[in-house]
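Student: Structure here, sequence nowhere to be found:
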């Protein structure tokens with residue numbers, strides 16, 4: 001075996017190890033058939049994490065499981081005196097009777113874990129017979145002129161579906177569809193896997209500030225999610241307190257970097 005073949009085999013072994021290393025732990029066995037799933041993994045402007053934590057709080061969802069891996073940060077997220085895993089799963093019922101499941105994390109997954117994590121999430125979602133996976137994501141729009149302060153409070157939002165069925169759903173609800181560009185990270189991988197397996201995945205892309213937690217962008221993404229899942233979600237607190245939330249998260253994130261270099265947590269407001 002030559003040097004190149006040895007490197008390829010080593011890389012493949014690493015990929016297989018990471019796939020085996022990410023595992024969902026169910027705290028209880030509940031019926032999640034036809035549930036809507038939100039994937040809240042950190043992205044640009046922490047849009048996905050803010051969305052997930054806000055929904056968990058607003059809908060009073062219950063933790064039903066967690067995701068574990070030896071590659072995750074070696075720490076516990078403590079909230080109201082309770083230790084929580086870096087990646088958690090919550091579930092509950094919406095007012096319209098639909099079931100909702102939310103994966104949430106304050107930590108950006110390492111690049112080599114993204115495929116394994118996405119694969120584990122989608123596999124679990126399919127095994128539980130859920131029928132739609134939504135992944136909110138922050139998006140940087142280049143080349144735009146500066147907007148007025150009022151316009152900055154309303155982020156532009158697009159969506160893209162993995163299947164024809166998902167795209168028809170977006171069209172019927174008059175949600176602008178993302179036509180050209182690149183979607184990286186967990187959202188991009190989930191879209192590809194959804195297309196390959198015929199599962200409905202929708203990525204929600206909200207224009208977000210790349211350098212700070214963007215609560216306004218998260219609020220705009222939540223409005224689109226509310227339209228898709230057919231419920232009203234009061235996002236007023238996110239718009240009204242966006243500046244305070246952003247400053248608070250910036251401060252906490254700066255402190256966290258000095259505590260854990262290279263593995264600083266992306267702090268949560270609501271979860």
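Tutor: Received the coordinates, thanks. Nothing here was measured: the structure is a model prediction, and the numbers come from that model. Residues are numbered from 1 along each chain as shown.
Student: What mean pLDDT does stretch 174-182 get?
Tutor: Averaged over stretch 174-182, pLDDT sits at 93.
Student: Return the set of buried residues in that stretch.
Tutor: Under the neighbour-count criterion of 16 or more other CB atoms under 10 Å, stretch 174-182 has 175, 178 buried. In this view, the C-beta of every residue, glycine as well, is placed from N, C-alpha and C.
Student: can you check stretch 49-60 too?
Tutor: Within stretch 49-60, the residues that count as buried by 16+ other CB under 10 Å are 49, 50, 51, 52, 53, 54, 55, 56, 59.
Student: what does stretch 124-136 give?
Tutor: Buried residues in stretch 124-136, defined by neighbour count with 16+ other CB under 10 Å: 124, 125, 128, 130, 131, 132, 133, 134, 135, 136.
Student: From the contact counts, what lies against the strand or helix carrying the last one?
Tutor: Take DSSP states H and E as the rule and residue 136 turns out to sit in strand 132-139. Taking 3 or more CB pairs under 8 Å, 6 or more residues apart in numbering; DSSP states H and E as contact, the helices and strands that strand 132-139 lies on are strand 36-40, helix 47-58, helix 114-127, helix 185-197, strand 201-207, helix 215-229.
Student: try it again with 7 Å
Tutor: Counting by 3 or more CB pairs under 7 Å, 6 or more residues apart in numbering; DSSP states H and E, the packing neighbours recorded for strand 132-139 are strand 36-40, helix 47-58, helix 185-197, strand 201-207, helix 215-229.
Student: unless I'm mixing things up, residue 221 is touching residue 138, no?
Tutor: No. Counting by CB atoms under 7 Å, residue 221 does not reach residue 138; the two are 8.4 Å apart.
Student: More neighbours: which of these two?
Tutor: Neighbour count, other CB atoms under 10 Å: between residue 221 and residue 138, residue 221 has more, with 32 against 28.
Student: What separation is there between that one and residue 26?
Tutor: Between residue 221 and residue 26 the computed distance is 28 Å (CB to CB, to the nearest Å).
Student: ok, for the residue nearest the centre of the chain, nearest residue in space, not its chain neighbours?
Tutor: With distances taken as CA atoms, centre = their mean, residue 40 lies nearest the centre of the chain, 2.2 Å away. Leaving aside its sequence neighbours, residue 40 sits nearest to residue 52 (CB to CB, 6 or more residues apart in numbering; 2.5 Å).
Student: Which residues are in contact with residue 39?
Tutor: Residues counted as contacts of residue 39 (CB atoms under 7 Å, 6 or more residues apart in numbering) are 103, 121, 133, 135, 186, 190.
Student: cool, and residue 100?
Tutor: Counting by CB under 7 Å, 6+ apart, residue 100 makes contact with 35, 36, 59, 91, 92, 94.
Student: Out of those residues, which comes closest to residue 194?
Tutor: Among these, residue 36 lies closest to residue 194 (CB to CB), at 14.0 Å.
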